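would you be able to build a 3D model of this:
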Amino acid sequence: MKVFSLLLLTLILAALFAVAADQPQPPTTGNQAPTFSLPNQEGAQVSLDQFKGKWVVLYFYPKDFSSGCTVEAHNFQRDIDKYTEKNAVIVGVSVDEVESHKSFCTKEGLNFKLLADSSHAVVQKYGSVTEYKGMTLAARNTFLIDPTGVIRKVYLKVSPQGHSEEVLADLQQLQSAK
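Next up is the predicted model:
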C-alpha cells in the first residue's frame with residue numbers, strides 16, 4: 001500500500017509540474033522586452049518600439065472596472081506627472097476589448113494608453129496569463145522597460161495598492177545609478 005501511495009503521489013506531482021512547465025514564463029530582468037502591437041482604447045495600434053528613448057511601465061491587469069484594477073489605474077493616473085518628469089510612459093494591457101477600455105478610461109478619467117489583447121498573444125509573451133472561473137485573464141504583473149527596450153525590473157503578482165509608488169521608487173533608483 002505504501003508503494004502504491006508513493007507512486008500515486010509521484011504521478012500527481014509530475015502532472016502538476018508538467019502543467020506548470022506548460023505555462024509561459026515571464027521575461028526576466030536584463031532581457032530585451034518582447035515586442036507587441038495592440039489597439040488602444042481609441043482603436044489605434046500601439047507598438048513597444050514607439051516608445052524607444054522612454055522608460056515604459058508595462059502593466060498587465062485582469063479586468064476593466066474591477067475594484068483592484070480600478071485602484072491600480074487610479075494610482076498610476078494620480079502619479080502620471082511624476083512619470084512624465086522621469087521620461088516614462090504608462091501602458092496597461094488586459095484581455096478586454098477596445099470598447100471596454102474606452103468606457104473604462106472615460107468613466108475613470110484615465111489619460112494613459114490601455115491596450116486590448118483579446119487574442120491573449122501579448123499576455124502569453126509576457127507570461128502574464130491566469131485563469132479565473134473558466135476565463136483567461138491577464139495576471140497582475142508589471143515590467144519596467146528602459147529606453148533601449150531592456151527589462152530592468154519585473155513585478156509579479158502585484159498588489160494594486162502602493163504599486164505605483166513602488167515603481168516610481170525603483171525608476172528613481174535605476175535612473176540615479178546611470
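
shouldn't Pro62 be in contact with Cys69?
Yes: applying C-beta atoms under 8 Å, one finds Pro62 in contact with Cys69, separated by 6.0 Å. In short, each C-beta sits where N, CA and C put it, glycine included.

the two: which is more packed in?
The neighbour count for Pro62 versus Cys69, taken as other C-beta atoms under 10 Å, is higher for Cys69 (22 against 19).

need the nearest residue in space to the more buried one, chain neighbours excluded.
Tyr61 (4.5 Å; C-beta to C-beta, 6 or more residues apart in numbering).

give the contact list for the one you found.
68-69, 72-73, 92-94, 138, 140 (C-beta atoms under 8 Å, 6 or more residues apart in numbering).

quick one: low-confidence parts of the chain?
1-23, 178 (pLDDT under 70).

that one: helices as residue ranges?
Secondary structure of the chain (DSSP state H): helices at 2-22, 67-78, 80-85, 98-108, 121-125, 163-176.

list the contacts for Tyr126?
Per C-beta under 8 Å, 6+ apart, neighbours of Tyr126: 24, 26-27, 34, 58, 60, 93, 141, 143.

most surrounded residue in the residues you listed?
Phe60 (28 neighbours).

that one and Gly68, how far apart?
12 Å (C-beta to C-beta, to the nearest Å).

for Thr142, give the beta-bridge partners.
Counting by DSSP bridges, Thr142 is bridged to Tyr59, Tyr155.

still on that earlier bit, tell me the residues that contact both of Phe60 and Gly68, please.
Arg140.

so what's the residue nearest the centre of the chain up against?
In the chain, the residue lying closest to the centroid (C-alpha atoms, centre = their mean) is Phe60, at 2.4 Å. Contacts for Phe60 (C-beta under 8 Å, 6+ apart) come out as 92-94, 123, 126, 128, 138-142.
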